[in-house]
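*Asks:* generate coordinates for the sequence data below:
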Amino acid sequence: MYLTRNFLTGTVPGWMLLIRKDIDLSYNNLTWVDTLASSNCQQGTTVNLLGNSYTESDLGKATPCFTNSACPHHQNYNLHINCGGEKASVGDYTYLDDRNLGSSSTYYVSSGNNWAFSSTGNFLDNEMVPDSYIESNTSILSMPDAKLYMQARISPISLTYYGLCLGNGNYTVKLHFAEIRITDEESFTSLGRRIFDVYIQGKLVMKDFNIKDNAGGSNKAIVKNYSSVPVENNTLEIRLYWAGKGTTSLPHKVFYGPLISAISVEPEFKPPGGEKIVKIVVGILSSMLFLIIMILGILWWKGFLGRKYQDLRDLDLQTASFTLRQMKAATKNFNAANKIGEGGFGPVYKGLLPDGTVIAVKMLSSKSRQGNREFLNEIGMISALQHPNLVKLLGCCVEGIQLLLVYEFMENNSLARALFGPTEYQLNLDWPTRKKICLGIARGLAYLHGESRLKIVHRDIKPTNVLLDKDLNPKISDFGLARLNDDENTHISTRISGTVGYMAPEYATRGYLTDKADVYSFGVVVLEVVSGKSNSNWRATEDCFFLLDWAHVLLKRGQLKELIDPRLGMELNEKEAIGMIKIVFLCTSTSHVDRPSMSVVLSMLEGKTQVPDTTHLNLSTRNSNHSISDLSETSFSHSRKSFPVDFPHTYPSVTDSNVSLQSNVSML
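*Replies:* Residues are numbered from 1 along each chain as shown. Take a look at the predicted model:
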């Protein structure tokens, strides 16, 4: 029942204060008997009596509920709230968190008693129980201070924020808005219109305000500034009110009502004694913080505090954040019918966001061969990278013990399935398409090695980690094993991780890692693309345990044409295919010094650089100290004794006999 601002008078019946029903009686001229003299406007109950008065007995004097609000000994002179979001640091300011879930009749006072909010209403015909009063962004935001716009507080009817215990005087008020629910897409999701009014200190400052129109589109920030806002009686009121305008059912039933992302309040005068107070507070807080850190550090060291997910909860994610509730809705509660693969991390599910975006949700299983380190690594690496040939990370979910990555959906699955998966899943890849795929992978690796802000070695390039979109454009995925490549060091020695058959010799045997390790893996992948055969699953011939061994044999015999996939038929450009095989030998040279950089490889594939003669290179691994198969067997054998080999966490590999493949899905 919502009777806010109806000029009602009289006494609130006692039974109404006790029933567990949402009742909003705020801003009337009512009184109620508060035997506890709590003066909190029934905070924490289902009855909102904000703006009315209470008495301590039937004959007591009526007192407005704000009058005795507990204030600290000193007054506040600024206020910053990240509405609906977590605590955030922006420039010199710290925006307080505002994660109270709210209800249809809510009055909430912050733990510091310096601000409060009141919310009224149920969303019309909404099937969600209970209603959600915090909106979360479902796309990547590029505006400055994006962390202020990842979440927002919404209300069906009325949303009011209060600055409490503010020193009297004039203030500058900034209201931050961004429409993160109604999209700009040319579909029904763009038809919604959110329109509401804004009042400050009871004065109408914006009539029929439309965030999307004022900001020039969705997911764009707009800040409204109001100067010389008077504060009297130490209270500031900011009210957002839906007056019934706009849409209520487009594109969905909860896409209306006021929405706000953040609030900033700064004084237009010099606060009295501010420096002294700040020094005292900083000193006290510093001492307390040091003591707390010491205690927690000791407990952590002794193993009394769980550490498994702490690094994830403390992570300042620079990508969109999804809630577990959103992911359950998108995947129909992780329904088995939506499961599209299984890998080292755990299962992968197909999902659908409310705006129609199809996604792939990658879940970290508690039984995963990979762990938090790889999960963090993948978020950190790929969130900093943007390239047409790298899979796009849409966001993540870190909630409780649930760790999820959300990627764009790849309609044509992996390159491995397209080339040598089960017959019913293989694609008819003609020569121009295969050449395009090799070029795309090369462009992605060249970007990682030298063109991106971060210089990165992927460490696990293979067909199962190359995804194909609807137009068969390749996108490199799975950055869980990626490592930063320090320009000041020519190489790093590292724990060996990767996939047998794709690891460079110097890395598989000695842990010697440079970007040339990716060049080697790329060479193996190109050989698989040209031949249509799997390097590691190739049927052994003449003591050749890997396809690359057999390629060296055919090179000596002058029979390289036998490597070419017979399925290519008459569409094959034989000259280009032979040239690409020669590039394979350059990339897979036993000595990493003889391998070209990815930028040079790309130039050769594009025809800008001539493919050099390969006769001077140490190509014949069969005559070297270790054959390709020997290297892989050696690294695998040694790993059991001295260093581990992390097998792939892709989704799923066609080399894994226990993994079933499904059509029209993407594995990440």
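*Asks:* OK, contacts around the residue most central in space within the chain?
*Replies:* The chain has G395 as the residue nearest its centroid, 2.1 Å off, counting by C-alpha atoms, centre = their mean. Taking C-beta atoms under 8 Å, 6 or more residues apart in numbering, we find G395 in contact with T138, I140, T319, A320, S321, F322, V406. The C-beta positions use only the backbone N, C-alpha and C, and glycine is treated the same way.
*Asks:* make it 7 Å
*Replies:* Contacts for G395 (C-beta atoms under 7 Å, 6 or more residues apart in numbering) come out as T319, A320, S321, F322, V406.
*Asks:* now the spatially closest residue to the fourth one that is not a sequence neighbour: which helix or strand?
*Replies:* Translated: F322. Using C-beta to C-beta, 6 or more residues apart in numbering and skipping the chain neighbours, the partner closest in space to F322 is C397 (4.5 Å). For C397, the host element (DSSP states H and E) is strand 393-399.
*Asks:* any idea which helix or strand comes after that strand?
*Replies:* Following strand 393-399 in sequence, per DSSP H and E, is strand 402-408.
*Asks:* quick one: contacts of that following strand?
*Replies:* Contacts for strand 402-408 (C-beta under 7 Å, 6+ apart): 312, 322, 324, 327, 359-364, 375, 378-379, 391-397, 668.
*Asks:* list the neighbouring strands of that strand plus their orientation.
*Replies:* Strand 402-408 has its sheet partners listed here by DSSP bridges as strand 358-363 (antiparallel), strand 393-399 (antiparallel).
*Asks:* among these, which is nearest K470?
*Replies:* strand 358-363 (10.7 Å; C-beta to C-beta).
*Asks:* distance of L8 from V47?
*Replies:* Distance, L8 to V47, using C-beta to C-beta, to the nearest Å: 14 Å.
*Asks:* give me the more crowded residue out of the two.
*Replies:* For L8 versus V47, neighbours defined as other C-beta atoms under 10 Å are more numerous around V47 (22 against 14).
*Asks:* still on that earlier bit, so which of the contacts of G395 belong to helices?
*Replies:* Taking DSSP state H, every one of the contacts of G395 sits outside helices.
*Asks:* can you tell me which of these has the most neighbours?
*Replies:* Each of the contacts of G395 was scored for neighbours by other C-beta under 10 Å, and V406 scores highest at 27 neighbours.
*Asks:* so that residue bridges to which residues?
*Replies:* Bridge pairing for V406 - DSSP bridges - gives V361, G395.
*Asks:* from what I see, G341 and V348 are in contact.
*Replies:* Yes: the pair G341 and V348 qualifies as a contact (C-beta atoms under 7 Å) at a distance of 4.4 Å.
*Asks:* still on that earlier bit, let me see the mean pLDDT of the strand holding C397.
*Replies:* Mean per-residue pLDDT for strand 393-399: 86.
*Asks:* now swap in stretch 451-468 and tell me
*Replies:* Rounded mean pLDDT across stretch 451-468 is 89.
*Asks:* next one: stretch 260-268
*Replies:* 97.
*Asks:* what is the one helix or strand A152 maps to packed up against?
*Replies:* Here A152, judged by DSSP H and E, is contained in strand 151-154. Here strand 151-154 is seen to pack against strand 134-136, strand 259-260 when contacts are counted using 3 or more C-beta pairs under 7 Å, 6 or more residues apart in numbering; DSSP states H and E.
*Asks:* adjacent strands (with direction) for the longest one?
*Replies:* Taking DSSP bridges as the criterion, strand 134-136 sits next to strand 151-154 (antiparallel) in its sheet.
*Asks:* how close does the residue nearest to the centre of the chain sit to Y407?
*Replies:* Taking C-beta to C-beta as the measure, G395 falls 9 Å from Y407.
*Asks:* where exactly do the strands run in the stretch 1-150 of the chain?
*Replies:* 9-11, 23-24, 29-33, 47-48, 53-55, 63-64, 79-83, 88-90, 93-98, 105-109, 115-120, 134-136 (DSSP state E, counting those that start in this stretch).
*Asks:* kindly report the same for the stretch 501-650 of the chain.
*Replies:* Using DSSP E, counting those that start in this stretch, strands in the stretch 501-650 of the chain cover 512-513.
*Asks:* shaky segments in it?
*Replies:* 540-542, 614-650 (pLDDT under 70).
*Asks:* tally of neighbours for Y226?
*Replies:* 18.
*Asks:* wait, what's in contact with it?
*Replies:* V173, I200, V205.
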